[in-house]
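In: What would the 3D arrangement of this be:
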Amino acid sequence: MAFVLIDTLPKFISAEEHRNLVASTPASFADIPPVLRHKEDNVSVTIDPPLDAFSAEDAANGSLYVIESHLVFMSSTGRGFQVEYPKITLHAVSRGESGPSIYCQLDDGANAAGDEQPQNEEEDLAMRELSIIPKDASALEPIFEALSYCASLHPDPHAEDEMEDDDDAFVDPGEFETFNGDHDQELSEVGRVRSDFLNNSRFAPY
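Out: Predicted structure coming up:
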């Protein structure tokens, strides 16, 4: 399950508090709470398919917390949810007809670490869509950048295993259609790097 319903915010600290703690050489770095990378008030969300225990009233207005450990939405009703970053399989800035938002696809199956084994293939491939709509459209880029950064801290271990299995495989870049930005969406940083690689343009390995 991608969404975990909550009624209390998880513990976090600001970037400044984190710098001060690290500078003081704490007894255990593992005990330092995760850092809040961005907070945005006056945000609404849509979830498709909807969550039975999270109403339209809950989704209508609240605050978004982009924390290094979780993406969190806390409604003004006092109810909220959190999502682990490996569950977010795609995120992009959307400027479609429905209005500017952050669009996310979430793996809602039971195949992540710690989840129960899926009962069938349909459950394994379950997906939900999350749209994050800030009242202030200028907040889209800061939210997107913070989300991209936090997602990069949680690489998918399954993806690494698949890459190791395909070490000897040859991929013809001509087989892929590169993203050209015509569909009112901007790719995440990962998507941008992949597109640059295929276009043989800005990608420059170190």
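In: mind listing what's buried in stretch 20-27?
Out: Neighbour counts over stretch 20-27 (16 or more other CB atoms under 10 Å) mark no residue as buried. For the C-beta atoms, the positions are set from N, CA and C on the backbone; glycine is no exception.
In: Can I get that stretch in PDB, CA atoms only?
Out: The C-alpha coordinates for stretch 20-27 follow below in PDB (Å, rounded to 0.1, in the frame of the first residue of the first chain):
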ATOM      1  CA  ASN A  20      24.000  22.600  13.800                       C
ATOM      2  CA  LEU A  21      23.600  19.000  15.000                       C
ATOM      3  CA  VAL A  22      26.200  17.700  12.500                       C
ATOM      4  CA  ALA A  23      28.600  20.500  13.500                       C
ATOM      5  CA  SER A  24      28.300  19.500  17.100                       C
ATOM      6  CA  THR A  25      29.400  15.900  16.400                       C
ATOM      7  CA  PRO A  26      26.400  14.000  17.900                       C
ATOM      8  CA  ALA A  27      26.900  10.600  19.600                       C
END
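In: What segments of this structure are helices?
Out: Under the criterion DSSP state H, the chain contains helices at 15-23, 56-60, 121-124, 140-152, 157-165, 189-199.
In: Domain map for the chain?
Out: What the record gives for the chain is the domain set 3-166, 170-206, from automatic domain parsing.
In: ranking the ones you listed by mean pLDDT, which is last?
Out: The minimum mean pLDDT among these belongs to domain 170-206 (a mean of 45).
In: For the residue lying closest to Tyr65 once chain neighbours are set aside, name its beta-bridge partners.
Out: Using CB to CB, 6 or more residues apart in numbering and skipping the chain neighbours, the partner closest in space to Tyr65 is Val72 (4.1 Å). Taking DSSP bridges as the rule, Val72 bridges to Tyr65, Gln82.
In: Give me the neighbour count for Val72.
Out: Around Val72 there are 22 other residues, counting by other CB atoms under 10 Å.
In: again with the one 3 residues further on
Out: Each residue near Ser75 was counted by other CB under 10 Å, and the total is 21.
In: distance of it from Asn61?
Out: Counting by CB to CB, to the nearest Å, the gap between Ser75 and Asn61 amounts to 7 Å.
In: partners of the top strand by length along the chain, with directions?
Out: With secondary structure taken from DSSP state E, the chain has its longest strand at strand 36-48. Neighbouring strands of strand 36-48 in its sheet, by DSSP bridges, are strand 62-67 (antiparallel), strand 127-134 (antiparallel).
In: right, and the ones you listed - which one's nearest Ser94?
Out: With CB to CB as the criterion, Ser94 lies closest to strand 127-134 of the strands paired with strand 36-48, at 7.3 Å.
In: Out of the strands paired with strand 36-48, which one sits most buried?
Out: Looking across the strands paired with strand 36-48 with neighbours counted as mean count of other CB atoms under 10 Å, the highest average goes to strand 62-67: a mean of 23.
In: what does that strand rub up against?
Out: Outside strand 62-67, the residues that touch it by CB atoms under 8 Å, 6 or more residues apart in numbering are 9-10, 12, 34-45, 71-77, 80, 132, 134, 143, 146-147, 150.
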